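Undergrad: whatever this is, show me its structure:
(chains A and B)
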2 protein chains.
Amino acid sequence: MKATSAATVRGLGIADTAGDFVTRALEEVQLTLGGIEGDRHFGLTAKAGVREKRHPRGVEIRNARQLSILSVEELAEVAATLKAPELSWQRMGGSVLLEGRAQLTQLSPSSRLVFPSGATVVIDSENEPCRKTARALAQPHFVKAAMHRRGLVGWVERAGVVRVGDVAKIWEP
Amino acid sequence: MKATSAATVRGLGIADTAGDFVTRALEEVQLTLGGIEGDRHFGLTAKAGVREKRHPRGVEIRNARQLSILSVEELAEVAATLKAPELSWQRMGGSVLLEGRAQLTQLSPSSRLVFPSGATVVIDSENEPCRKTARALAQPHFVKAAMHRRGLVGWVERAGVVRVGDVAKIWEP
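TA: Below is the predicted model:
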């Protein structure tokens, strides 16, 4: 595993409104091994859902989808495809918005984002665009436009604080 | 994530001798979210070591190296390169020995091995051959010969039993 590139944190969000995955912007978040406390995706474990077709729904699994990681560049590309002025990363449920790493969604699974505090996020895999997000954005063609550009999901390897403006080092397998 | 191939369990091992990473063969193991209880790599968390250069040594991180996964085919290839009759997967610290998936070490990070009980292992990344293993095997040229053929490390996503003879389904991102 080698440090290959870097990206700057442009936004941080928490999904702490009951029944809603839209995130509220924060200037800093404390990452713990369960993710962001108070966020709907927080937990060392989670119940398998529709994204984990390899498991029966509802069984307990270790939570690899604590955070949703998006990029400024890909959002702009998707917006251009949709001829939309811009797309809200918060309406997409974003936890971490990054800038400076082209084709973020193509980052290899198991890559690590290492923040200045030492807080570290492991990339599980690509996030697949879904109709729920399309509705939240009021963009009916979102799913197709955002394919392979909707960012990543991941989990916390090391606890610590992350702040807007931080530069994350990216380590790839 | 899609089911792409399969492999058969040919061996299971636990490293439960103090101070030693060599594994003792078992007919079945109970995987928990921390790995194999009693094994030296067991734990939901671990201290960062020489394999995690992205962290200072000794800091607490989530444990992604609970299990060492090897393949019969790659061991035979490395043995042929070394002109050795065979290589002991147990001396290499193997937890799970698989057969039937060529180039196992090339499997994508974040792939899942789903066993018949539902027990599931997530691939973190390739295991890099080291001199300690070379010494355990009494094969001084092991490190070079085993490069990219030494198998994988991973962690348990879902608990359950795994038995010798089980066929694991492989899901890739």
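Undergrad: quick one: A:V121 from chain B, how far?
TA: Distance of A:V121 to chain B, computed by CB to the nearest CB, to the nearest Å: 11 Å. The way it works is simple: take the backbone N, C-alpha and C, and place the C-beta from them, glycine included.
Undergrad: now that residue: which helix or strand?
TA: Per DSSP states H and E: A:V121 is located in strand A:120-126.
Undergrad: which residues touch that strand?
TA: Residues from elsewhere that reach strand A:120-126 (CB atoms under 8 Å, 6 or more residues apart in numbering or on different chains): A:31, A:64-65, A:67, A:69, A:96, A:105, A:107-115, A:148, A:150-158, A:160, B:1, B:54-55, B:61-62, B:64, B:110, B:173.
Undergrad: buried ones among these?
TA: A:31, A:64-65, A:67, A:69, A:96, A:105, A:107-115, A:150-158, A:160, B:1, B:54-55, B:61-62, B:64, B:110, B:173 (16 or more other CB atoms under 10 Å in any protein chain shown).
Undergrad: which of the contacts of strand A:120-126 fall in strands?
TA: In strands, judged by DSSP state E, the following of the contacts of strand A:120-126 are found: A:31, A:67, A:69, A:96, A:112-114, A:152-158, A:160, B:61-62.
Undergrad: isn't A:R131 right next to A:V143, touching?
TA: Yes. Counting by CB atoms under 8 Å, A:V143 is a contact partner of A:R131 at 6.1 Å.
Undergrad: those two: who's more crowded?
TA: The neighbour comparison of A:R131 against A:V143 (other CB atoms under 10 Å in any protein chain shown) goes to A:V143, with 16 against 10.
Undergrad: part of a strand, is that one?
TA: No. In this structure, A:V143 is helix, not part of a strand, as judged by DSSP: H, G, I helix; E, B strand; the rest coil.
Undergrad: doesn't A:R135 make contact with it?
TA: No. With contact defined as CB under 8 Å, A:V143 does not count as touching A:R135 (10.4 Å).
Undergrad: touching both of the two, which residues are there?
TA: With CB under 8 Å, 6+ apart, A:V143 and A:R135 have no common neighbours.
Undergrad: for A:G160, give me its contacts.
TA: By CB under 8 Å, 6+ apart, A:G160 lies in contact with A:Q30, A:L31, A:F115, A:S117, A:G118, A:A119, A:T120.
Undergrad: ok, of these, which come out buried?
TA: With burial judged by 16+ other CB under 10 Å, the buried subset of the contacts of A:G160 is A:L31, A:F115, A:S117, A:G118, A:A119, A:T120.
Undergrad: what would the residues you listed look like in CSV with pLDDT?
TA: Formatted as CSV, the buried ones among the contacts of A:G160 follow (pLDDT from 0 to 100):
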residue, pLDDT
A:L31, 98
A:F115, 98
A:S117, 98
A:G118, 98
A:A119, 98
A:T120, 98
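Undergrad: so who does A:T17 touch?
TA: Residues near A:T17 by CB under 8 Å, 6+ apart: A:R24.
Undergrad: and it, how far is that from B:G100?
TA: 48 Å (CB to CB, to the nearest Å).
Undergrad: equivalent analysis for A:P173, please.
TA: A:P173 is 24 Å from B:G100, by CB to CB.
Undergrad: tell me which helix or strand of chain A sits lowest on mean pLDDT?
TA: helix A:131-137 (a mean of 93; mean pLDDT, DSSP states H and E).
Undergrad: count the residues that sit near the residue nearest to A:H55 when sequence neighbours are not counted.
TA: Spatial nearest neighbour of A:H55, chain neighbours left out: A:A48 (3.7 Å); criterion: CB to CB, 6 or more residues apart in numbering or on different chains. As a burial measure, A:A48 scores 19 neighbours (other CB under 10 Å).
Undergrad: cool, and the one 10 residues further on?
TA: Using other CB under 10 Å, A:G58 is surrounded by 8 other residues.
Undergrad: surely it and A:A48 touch.
TA: Yes. Look at A:G58 against A:A48 with CB under 8 Å: they come within range, at 6.5 Å.
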